[in-house]
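[1] Test case, fold it:
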Amino acid sequence: MKKLCGVLVLLLLLALGAMAWFLVIRGNTVQGEDGRTVVLLSASDRAFLLAEMRAWLESVQGITEALARGDMKSAAEEARAAGKVDMNQIPASLLRDLPVELKRLGFDTHAAFRTLAREIGSGKDAKDSLKMLSGLMLNCVGCHASYRVEVGRK
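    Next up is the predicted model:
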């Protein structure tokens, strides 16, 4: 009986591991002909993700404009807004279909905007803030170099 329980526990753990791999880690991806990973999403999830990226781009523009004017308060507000994430607004299907590396990159980008907002608010000068923003933009460049988002299913 002990041996049977051990085998059942092992099978259950393997099944849970497989589910985690398919639902959390791997995502819904295929290899693209351009060398990037193609993330396959529903049309609504793709629209949600692209809207998030456009909002970040608009925030970067607002931050750089505010820093150029020396308006540190506005720059910090822009960065703070870009750093906000409401997990209740993110579709579960999107979280399921994104590979774990892309999820991590997205959450890291939100965190980098929050850090930038704190640093600007703490009295960093515009030049130091621009250096931080430049480092944050490496997340955007890396993402676009590594991933492409399309509507579809494997």
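[2] Can you give me the neighbour number for G70?
    G70: 10 surrounding residues under other CB atoms under 10 Å. For every residue, glycine as well, the C-beta is placed using N, CA and C.
[3] Mind checking what helix or strand follows the longest helix along the chain in sequence?
    Taking DSSP state H as the criterion, the chain has its longest helix at helix 43-69. Reading on from helix 43-69 to the C-terminus, the next helix or strand found by DSSP states H and E is helix 72-83.
[4] Contacts for that next one next, please.
    Outside helix 72-83, the residues that touch it by CB atoms under 8 Å, 6 or more residues apart in numbering are 55-56, 59-60, 62-63, 66-67, 110-117, 120-121, 123-124, 126, 129.
[5] Need the CA coordinates for the next helix or strand after it. PDB is fine.
    The helix or strand immediately downstream of helix 72-83 is helix 92-97, counting by DSSP H and E. Output of helix 92-97 as PDB, limited to C-alpha atoms (Å, rounded to 0.1, in the frame of the first residue of the first chain):
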ATOM      1  CA  ALA A  92      -6.000  35.100 -17.600                       C
ATOM      2  CA  SER A  93      -5.800  33.900 -21.200                       C
ATOM      3  CA  LEU A  94      -3.000  36.400 -21.900                       C
ATOM      4  CA  LEU A  95      -1.000  35.300 -18.800                       C
ATOM      5  CA  ARG A  96      -1.500  31.700 -19.900                       C
ATOM      6  CA  ASP A  97      -0.300  32.300 -23.400                       C
END
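[6] For the helix or strand just after helix 92-97, enumerate the helices and strands it packs against.
    As assigned by DSSP H and E, the chain's next helix or strand after helix 92-97 is helix 100-121. In this structure, helix 100-121 makes packing contacts with helix 43-69, helix 72-83, helix 126-146, judged by 3 or more CB pairs under 8 Å, 6 or more residues apart in numbering; DSSP states H and E.
[7] quick one: contacts of helix 100-121?
    Against helix 100-121 from outside (CB under 8 Å, 6+ apart): 24-27, 39, 52, 56, 59, 63, 72, 75-77, 79-80, 82-85, 95, 98, 128-129, 132-133, 135-136, 139-140, 142-143, 146-147.
[8] Those residues, buried ones only, as a ChimeraX selection?
    Buried residues among these (16 or more other CB atoms under 10 Å), as a ChimeraX selection:
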select :27,39,52,56,59,63,72,75,76,77,79,80,82,83,85,98,129,132,133,136,139,143,147
